[in-house]
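Trainee: one predicted model, sequence on top.
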Amino acid sequence: MYKVILLIDLAEEYSKSLLKGVTKYSREHGPWVFCRMPLFYRETIGIKGILQWAQEWGANGIIGQFYNDKEVSEFTKAGVAVIAQDFRERFDDIPNITGAYQEAGAMAADYFLKKGFTQFAFYGFRDIVWSRERAEGFETHIQKAGFKVHTFEHTKAQSSELWYYKPSALSQWLQSLPKPIAIMACDDRQGQHITEACRQTGIRIPEEVAVLGVDNDELICELSDPPLSSIALDAEKGGYDSARLLDQLIRAGSGVFYDIVVKPTQIVTRQSTDIYATHDEYIAQSLKFIHQNIDKNLQVEEVVRQVPLSRRALEKRFLTITGYPVYKYIFNLRIEKFTQKLLETDMSVFEIALDMGLTDSKNIARQFRQVKGCTPIEFRNRYLAGK
């Protein structure tokens, strides 16, 4: 039976999802006993104090949020396996639970570009790896499309966490930005900073500012006014894989280790990005109709009937604004919705196809493979803990 210390912030949805994966692995391969250690131990008794406590308790391993303190290596020297949830920067000498941060940034950029935006901004921390690399992925992808990214660096300390409720440098920055603009926040908490600052200054969301966060923390996203769109992550699988690695480290005592990389899975759209940045009312009307009816077996002819344009005229304007023919846009969105249902439900491929108004599940599975490079079942297993 292993004894494992968890020095992580369990108030965060991301950490809770990691813990779900860890406990799932422990049920399958344990039993394990856990000690949920309060984060303030990190500041009050330090690494030496935590190590002493771990030794007295007889801990086999620890998963923790650590400052980039070289003293963390004392755990491994004492025979306690350790995995760091990257808090500021990655460690070089111990395994990290980290993320495909640049991939998340690129996903956000692609999402906004498909909505027709030409003006972009990023809000986050430049001195924290997960924020900095999300910004790099976002900026690189936007710049490749020929546009620039406005940035605002969050520099406020935790002691002034409510600063964004009042007029501030953030409010001034938001007011100075060209409109309409698409803003990626480094996480959902900072996304809520944006929505609250916009509400205080009278900036309309999503008409003037569209906001996208990361983590898909449902409580924060739904408390936001309006509700915040966010990038979902496969954190539960990350927790499961972390527990498997910890098991290996405990058994081996030492040896080769690797980082656990938590990947983005999909974008969950809520009201904060529910808009299409185009002044062409017919294209906006067409896009709205497509998104509202994508769960049906939607055809291009049905879209054409929504606007007073010929199919040829609509196709030309649609391609100019979105970069896709109408049929391709429908195809891509259908795959996105299909993917969302794969990850959020237990329905079979056949049941998902029926739910989306499709009668040929084999055809949608074939189309899915063309886009994702694997079958729907293989994709689902890739992002589920324990698969």
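Mentor: Nice, I can see it.
Trainee: for the stretch 251-387 of the chain, which segments count as helices?
Mentor: 281-292, 300-304, 311-322, 326-344, 349-355, 361-372, 376-383 (DSSP state H, counting those that start in this stretch).
Trainee: mind putting the ones you listed in JSON lines, mean neighbour count, distance to Gln143 and mean pLDDT included?
Mentor: C-beta coordinates here come from the backbone N, C-alpha and C atoms, glycine included. Putting these into JSON lines (neighbours: other Cβ atoms under 10 Å; distance: least, Cβ to Cβ, whole Å; pLDDT from 0 to 100) gives the following:
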{"stretch": "helix 281-292", "mean neighbour count": "17", "distance to Gln143": "25", "mean pLDDT": "86"}
{"stretch": "helix 300-304", "mean neighbour count": "16", "distance to Gln143": "32", "mean pLDDT": "95"}
{"stretch": "helix 311-322", "mean neighbour count": "16", "distance to Gln143": "20", "mean pLDDT": "90"}
{"stretch": "helix 326-344", "mean neighbour count": "18", "distance to Gln143": "22", "mean pLDDT": "87"}
{"stretch": "helix 349-355", "mean neighbour count": "17", "distance to Gln143": "36", "mean pLDDT": "89"}
{"stretch": "helix 361-372", "mean neighbour count": "15", "distance to Gln143": "25", "mean pLDDT": "87"}
{"stretch": "helix 376-383", "mean neighbour count": "16", "distance to Gln143": "29", "mean pLDDT": "85"}
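Trainee: in a helix, Ala84, correct?
Mentor: No - with DSSP: H, G, I helix; E, B strand; the rest coil as the criterion, Ala84 is strand rather than part of a helix.
Trainee: on that earlier part again, out of the helices of the stretch 251-387 of the chain, which is closest to Glu133?
Mentor: Smallest distance to Glu133 across the helices of the stretch 251-387 of the chain (Cβ to Cβ): 20.5 Å, for helix 376-383.
Trainee: between that closest one and helix 326-344, how big is the angle?
Mentor: Interaxial angle of helix 376-383 relative to helix 326-344 (axes from the mean of the first three to the mean of the last three Cα atoms, to 10 degrees): 50 degrees.
Trainee: can I get helix 376-383 in PDB, CA atoms only?
Mentor: In PDB, the C-alpha atoms belonging to helix 376-383 read as follows (Å, rounded to 0.1, in the frame of the first residue of the first chain):
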ATOM      1  CA  PRO A 376     -13.700   7.700 -33.200                       C
ATOM      2  CA  ILE A 377     -13.100   4.900 -30.700                       C
ATOM      3  CA  GLU A 378      -9.400   5.300 -30.900                       C
ATOM      4  CA  PHE A 379      -9.800   9.000 -30.400                       C
ATOM      5  CA  ARG A 380     -12.100   8.500 -27.400                       C
ATOM      6  CA  ASN A 381      -9.600   6.100 -25.800                       C
ATOM      7  CA  ARG A 382      -6.700   8.500 -26.400                       C
ATOM      8  CA  TYR A 383      -8.400  11.100 -24.100                       C
END
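Trainee: and the average pLDDT for stretch 236-253 is what?
Mentor: Averaging pLDDT along stretch 236-253 yields 92.
Trainee: what's that stretch in contact with?
Mentor: For stretch 236-253, contacts defined as Cβ atoms under 8 Å, 6 or more residues apart in numbering pick out 2, 4, 17-26, 29, 60-61, 63, 79, 81, 83, 95, 97, 255, 257-258, 260-262, 383-387.
Trainee: how about that stretch: buried residues?
Mentor: Neighbour-count burial for stretch 236-253 flags 236-247, 249-250 (criterion: 16 or more other Cβ atoms under 10 Å).
Trainee: chain neighbours aside, what residue packs nearest to the most centrally placed residue in the chain?
Mentor: Nearest residue to the geometric centre of the chain (Cα atoms, centre = their mean): Ile231, 3.2 Å. Distances taken as Cβ to Cβ, 6 or more residues apart in numbering place Val214 nearest to Ile231, at 4.6 Å, with adjacent residues excluded.
Trainee: quick one, what contacts the one you found?
Mentor: By Cβ under 8 Å, 6+ apart, the neighbours of Val214 are 104, 108, 134, 184-188, 191, 230-231, 233, 264.
Trainee: burial of the closest residue to Glu13 other than its chain neighbours, as a residue count?
Mentor: Nearest residue to Glu13, sequence neighbours excluded (Cβ to Cβ, 6+ apart): Asp217, at 3.8 Å. A count of nearby residues for Asp217, using other Cβ atoms under 10 Å, gives 23.
Trainee: relative to Gln119, how far out is Asp217?
Mentor: For Asp217, the distance to Gln119 equals 27 Å [Cβ to Cβ, to the nearest Å].
Trainee: my read is that Ile94 contacts Val72, right?
Mentor: Yes - Ile94 is within contact range of Val72, at 6.3 Å (criterion: Cβ atoms under 8 Å).
Trainee: overlap in contacts, these two.
Mentor: What both Ile94 and Val72 touch, as defined by Cβ under 8 Å, 6+ apart, is the set Val82, Ala84.
Trainee: quickly find the element holding Phe112.
Mentor: Per DSSP states H and E: Phe112 is located in helix 101-114.
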